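S.K.: with the sequence up front, the predicted model follows.
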Amino acid sequence: MSAAADPDPAGAVALGDDPAEIHPAPTGFVSRFVFARDHKVIAKQFLFLGLGFLAIGGFMAMLIRWQLANPGRPYPLLGKLLFPASGGVISPAAYVSLFTMHGTIMIFFAITPILIGAFGNFCIPLMIGARDMAFPTLNLLSFWTMFASTATLTASFFVPLGAPSAGWTAYPTLSSAIGTPGPGQTLWVVAIYLNGASSIMGAVNYITTIVRLRAPGMHYFRMPLTVWGFWLTAILNALFVPVLAAGMVLLFFDRVLGTTFFIAGSTIKGGGDPILYQHLFWIFGHPEVYILILPAWGIVSDLLSFFARKPAYGYRVTVWSMIAITVLSAVVYGHHMFVTGMSPMLGESFMLLTMIISVPAVLLFLNWLGTIWRGAMRTPTPMLFCLGLVFTFGIGGLTGLFLADIVSDVYLHDTYFVVGHFHLIMAAAVLLATFAAIYYWFPKLFGRLMNEPLGKLHFWLTIVSLNLVFGGQLLIGYAGMQRRLYDPSVYEFLRPLLPLNRGITHAAFVLGTSQLLFIFNFFWSLFRGRRADANPWQVGTLEWTTPSPPPHHNFDRIPLVLNGPHELANPAAIKHLHRDWLAQNEPLPADADAGDGDGDEKNRLV
Ligand code: HEM
Ligand SMILES: [Cu+2]
């Protein structure tokens, strides 16, 4: 049987070869750029929205750090403008709102739209050989629901009684009508609900697209790991975001209608249970952290292979590890609640399950090392960011084990150690993957390459400063400094930490300032960057077989997939095609196909 007759018969029902089968190319400005249904345009909408909020969330982090290094001193330059009532000083109330909004924005309004909204949308159809998402109109709705959510959140800054201030986790009773009176916190609840609705719409679309629209021959184990990451993330989103949404509905009722789902009763009056909210939040919240890291893992697993110029080590083990983590992530959430007085039996079960998650996590990690081991490594900016991720994720993952152990967590819980842990993973590893994705797919998104020297400078400044910031947080947490603390200097035992806090703040300002390089590079390259050809990185996944940027219908003909995603260093390709890579839909010259003729041997490494 020839290789060309090898499309997976049990595979997907791809859209046909007729480009007119998808929605017609839009003509007007509004249908093209505003209410667009093209996944590539929607990806860009998510990207710009998310980057805008990343900048706002990042600026808030600078304000928080200023207060911790210089408690009670007015913020320079902008202080008087932002906090006129207190003469430029960040008041305790403003501080609480700042860290609440910083966390909320970074998780729900920056990383989610950029990584999942933008790159999920952009990569999935292009990488599986489809013309668009399964439900383009739902995709449009998903973006505009996210937009409505950001508008609601923004409005919550400007209402009487102030911005939301119950932390990104919004635990009652802090988030009850008594804890945070006023419409600000209520708008927060509505914004998170809308944000969740947007995520669920996206998830339904991603899952259906991957199940139904893979090009012929693209069986599951030929999908790029990036697509695996987005797929598993979408499944977690579809399963667990509704739990958060339920929590938000009940919290809304408590705040607006006077119900008491989350407010404890007294002996004379029945009531609810604040701990119920923590269950609802973390049943969602723990999968959420994997929702954010899985796409990052997928992207890095692919890119490490592409830039090490050899196939990903243990492709199947990586996939099964990601699946195992997806399943396990549903049953470990109790590790966020060890100190709520849960039964020791239950606590120990959660501890054990959490520890078990590290097994697939370590397998994944070892596979990365296997991939780069003795590769013909190229280190352009996206690869540097991936290598940075391997490093920070290593440290961040290890710190998780100390938190997973009840005995050490009782001490570390609610300290800066937890803040350091999740920043090393979420703010460092996930963000590094986000940058890798931007530098890597920028040519496909916009048809131009980003500037390399500026990108490298951005990388080095970022990686050094962020490890200082988040490593420093681990240290002050270990020394006992509580998280969400307005002024550490009021505690005698924390006063010696002031120099360390100042050091962290300096590093944070370097980190913040170096992002200006990225912003400049991004916009400069958008207009002035070197023009990219179809495949500037010389890799074989399907998006690189289309022009940069791809046309409205993505592929002139739906590709027939013959190979896995990492056909690098293929000796037959080197011999016959004089290059070290093979596209996923590319047959080798006939005489290269030795073996038993099922079309697979040609790609086996000899
Ligand atoms: C081997 C892997 C990991 C283990 C064992 C682990 C363990 C833990 C534990 C036990 C806590 C609770 C600590 C406490 O509140 O006292 C925690 C908090 C947290 N972890 Fe992890 N974690 C791991 C990976 C991750 C990943 C991959 C992410 C994100 C992408 C993440 C994000 C978070 C966040 C956001 C929190 C704190 C949330 C909050 O209280 O505000 N963790 N982790
Ligand atoms: Cu967790």
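M.R.: Looks like it came in fine. Numbering: from 1, shown residues only. Ligands and ions are numbered 1, 2, ... in the order given.

S.K.: the longest helix in this protein is where?
M.R.: Ranked by number of residues, the top helix in the chain under DSSP state H is helix 274-308.

S.K.: and that one, how far from the chain's centre?
M.R.: 7 Å (Cα atoms, centre = their mean, to the nearest Å).

S.K.: same check on stretch 460-468?
M.R.: Offset of stretch 460-468 from its chain centre (Cα atoms, centre = their mean): 19 Å.

S.K.: which parts of it are buried?
M.R.: Leu461, Thr462, Ile463, Ser465, Leu466, Asn467, Leu468 (16 or more other Cβ atoms under 10 Å). In short, each C-beta sits where N, CA and C put it, glycine included.

S.K.: can you list contacts of that stretch?
M.R.: 384, 388, 391-392, 395, 427-428, 432, 435, 503-504, 507-508, 510-511, 514-515, 517 (Cβ atoms under 8 Å, 6 or more residues apart in numbering).

S.K.: average pLDDT across it?
M.R.: Averaged across stretch 460-468, the pLDDT comes to 97.

S.K.: also stretch 254-274?
M.R.: 87.

S.K.: distance of Ile438 relative to Pro550?
M.R.: The spacing between Ile438 and Pro550, counted by Cβ to Cβ, to the nearest Å, is 17 Å.

S.K.: quick one on the thing from earlier: what's the closest of the buried residues of stretch 460-468 to ligand 1?
M.R.: Distance to ligand 1, by Cβ to the nearest ligand atom, is smallest for Leu466 among those, at 14.8 Å.

S.K.: and the closest one, helix, strand or coil?
M.R.: State at Leu466, reduced to three classes by DSSP: H, G, I helix; E, B strand; the rest coil: helix.

S.K.: mind jotting down where the helices sit in the stretch 51-200 of the chain?
M.R.: Assigned by DSSP state H, counting those that start in this stretch, the stretch 51-200 of the chain shows helices spanning 79-82, 92-104, 121-128, 136-155, 183-212.

S.K.: which of the residues in the longest one are buried?
M.R.: Spelled out, that is helix 183-212. Within helix 183-212, the residues that count as buried by 16+ other Cβ under 10 Å are 183-207, 209-210.

S.K.: tell me which residue in the stretch 451-600 of the chain sits closest to ligand 1.
M.R.: Closest residue of the stretch 451-600 of the chain to ligand 1, Cβ to the nearest ligand atom: Arg483 (7.8 Å).

S.K.: skipping its backbone neighbours, what lies nearest that residue in space?
M.R.: Spatial nearest neighbour of Arg483, excluding adjacent residues (Cβ to Cβ, 6 or more residues apart in numbering): Val419 at 5.0 Å.

S.K.: the one you found sits in which helix or strand?
M.R.: Following DSSP states H and E, the helix or strand that holds Val419 is helix 416-422.

S.K.: worst-scoring helix or strand of the chain, pLDDT-wise?
M.R.: Scoring the helices and strands of the chain by mean pLDDT, DSSP states H and E places helix 29 at the bottom, with a mean of 79.

S.K.: just the pLDDT for the residue nearest to Pro183 when sequence neighbours are not counted.
M.R.: Take Pro183 and drop its neighbours on the chain: the residue closest to it by Cβ to Cβ, 6+ apart is Val159, 4.6 Å away. Val159 is assigned 94 on the pLDDT scale.

S.K.: distance of Val159 relative to Gly258?
M.R.: From Val159 to Gly258 the distance is 20 Å (Cβ to Cβ).

S.K.: residue in the chain with the shortest distance to ligand 1?
M.R.: Here the chain gets closest to ligand 1 at one residue, Gly400, 2.5 Å apart by Cβ to the nearest ligand atom.

S.K.: so when I look at that residue, I'm seeing a helix, right?
M.R.: Yes: applying three-state DSSP, one finds Gly400 inside a helix.

S.K.: that one: what's it in contact with?
M.R.: Counting by Cβ under 8 Å, 6+ apart, Gly400 has contacts Thr354, Ser358, His421, Ile425.

S.K.: equivalent analysis for Asn205, please.
M.R.: Asn205 neighbours (Cβ under 8 Å, 6+ apart): Met133, Ala134, Phe135, Leu138, Asn139, Ser142.

S.K.: check contacts around Ala324.
M.R.: Residues counted as contacts of Ala324 (Cβ under 8 Å, 6+ apart) are Val359, Pro360.

S.K.: can you give me how far the least confident helix or strand of the chain is from the chain middle?
M.R.: 30 Å.

S.K.: what's the answer for stretch 382-398, then?
M.R.: Stretch 382-398 has its C-alpha centroid displaced from the chain centroid by 14 Å (Cα atoms, centre = their mean).

S.K.: tell me the secondary structure at the closest residue to Phe446 other than its chain neighbours.
M.R.: Residue nearest to Phe446 in three dimensions, not counting chain neighbours: Leu526, with 5.8 Å by Cβ to Cβ, 6+ apart. Of the three states, Leu526 takes helix according to three-state DSSP.

S.K.: just the pLDDT for Leu526.
M.R.: If you check Leu526, the pLDDT there is 96.

S.K.: that one: neighbour count?
M.R.: 14 (other Cβ atoms under 10 Å).

S.K.: that one contacts Leu445, correct?
M.R.: No: with contacts counted by Cβ atoms under 8 Å, Leu526 stays clear of Leu445, the gap being 9.5 Å.

S.K.: give me every residue that touches the spatially most central residue of the chain.
M.R.: Central residue of the chain (Cα atoms, centre = their mean): Leu292, 3.7 Å from the mean position. Counting by Cβ under 8 Å, 6+ apart, Leu292 touches Ile107, Ile111, Thr112, Leu115, Ile116, Thr233, Met426, Val430.

S.K.: so which of those is surrounded by the most neighbours?
M.R.: Comparing the contacts of Leu292 on neighbour count, Thr233 comes out first with 31 neighbours (neighbours: other Cβ under 10 Å).

S.K.: so who does the nearest residue to Thr180 once chain neighbours are set aside touch?
M.R.: Spatial nearest neighbour of Thr180, excluding adjacent residues (Cβ to Cβ, 6+ apart): Ala166 at 5.1 Å. By Cβ under 8 Å, 6+ apart, the contact set of Ala166 is Thr100, Leu174, Ser175, Gly179, Thr180, Gln185, Trp188.

S.K.: filter those residues to the buried ones?
M.R.: Thr100, Leu174, Ser175, Gly179, Thr180, Gln185, Trp188.

S.K.: kindly reformat those residues as CSV containing distance to ligand 1 and pLDDT.
M.R.: Shown next, in CSV, are those (distance: Cβ to the nearest ligand atom, whole Å; pLDDT from 0 to 100):
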residue, distance to ligand 1, pLDDT
Thr100, 11, 97
Leu174, 13, 94
Ser175, 14, 96
Gly179, 17, 92
Thr180, 17, 94
Gln185, 17, 97
Trp188, 16, 98
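
S.K.: from these, pick the one nearest Ala43.
M.R.: Nearest to Ala43, judged by Cβ to Cβ, of the buried ones among the contacts of Ala166 is Trp188 at 26.9 Å.

S.K.: wait, the closest one touches Thr104, no?
M.R.: Yes: counting by Cβ under 8 Å, Trp188 sits close enough to Thr104 to count as a contact (7.0 Å).

S.K.: what touches both of those two?
M.R.: Shared contacts of Trp188 and Thr104, counting by Cβ under 8 Å, 6+ apart, come down to Leu153, Pro164.

S.K.: the contacts of stretch 460-468 in strands, which ones?
M.R.: In strands, defined here by DSSP state E, there are no members of these.

S.K.: in PyMOL, select just the buried ones from those.
M.R.: A single PyMOL command is used to select the members of those judged buried by 16+ other Cβ under 10 Å:
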select buried, resi 384+388+392+395+427+428+432+435+503+504+507+508+510+511+514+515+517
